[in-house]
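**Student:** Please find the sequence and the predicted model below.
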Amino acid sequence: MKILIAEDDFTSRSILLRMLGELGECEVAVDGEEALEVFKNNFGTSDAYQLLCLDIMMPKLSGQEVLRKIRAFEKLNAVEPDGAVKVIMTTALGDSETVIDAFKNGCESYVVKPISKHLLFEEIKRLGFEA
């Protein structure tokens, strides 16, 4: 599995890399613009991302903005829903308004920090990946 971790905080990024490295090849983006650029550069290739772990509070573009732009990009490129990248929001924000907005924007899962490896892997399994 190819995974993109979009996380500006070094510690959170390191933890996610260590956890998700067991499941496949992981790459990182440290801000929203980089996440969007890296996603688009790998789109449609044999190296395309299957899973995106996306923080919400990031510089340049928020995770919510990145998610909206990715879903619009996929729609523009006629990606069927079952072929879209699976997105897990990984964030410190747990208020209901933010969670609802994330699902409206097209995420498949939402995990609040601090991230439990067990919970994260359960969500990954629920999305149809082996964990």
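**Tutor:** Perfect, I can see it now.

**Student:** Now do the strands in this protein.
**Tutor:** For the chain, applying DSSP state E gives strands covering 2-6, 25-29, 51-54, 86-91, 109-112.

**Student:** Look through the protein and tell me its longest helix.
**Tutor:** Secondary structure assigned by DSSP state H gives helix 63-76 as the longest helix of the chain.

**Student:** That helix to strand 86-91, inter-axis angle?
**Tutor:** Interaxial angle of helix 63-76 relative to strand 86-91 (axes from the mean of the first three to the mean of the last three C-alpha atoms, to 10 degrees): 170 degrees.

**Student:** Show me what helix 63-76 is packed against.
**Tutor:** helix 32-42, strand 51-54, strand 86-91, helix 96-105 (3 or more C-beta pairs under 8 Å, 6 or more residues apart in numbering; DSSP states H and E). For glycine as for every other residue, the C-beta is placed from the backbone atoms N, C-alpha and C.

**Student:** can you list contacts of the second one?
**Tutor:** Identification of contacts with strand 51-54 by C-beta atoms under 8 Å, 6 or more residues apart in numbering yields 1-7, 16, 20, 35, 39, 63, 66-67, 70, 85-90, 107, 124, 127, 129.

**Student:** Pick the most deeply packed of the helices and strands packed on helix 63-76.
**Tutor:** Highest mean neighbour count among the helices and strands packed on helix 63-76 (mean count of other C-beta atoms under 10 Å): strand 51-54, with a mean of 27.

**Student:** rounded to a whole number, what's the mean pLDDT of it?
**Tutor:** For strand 51-54, the mean per-residue pLDDT is 98.
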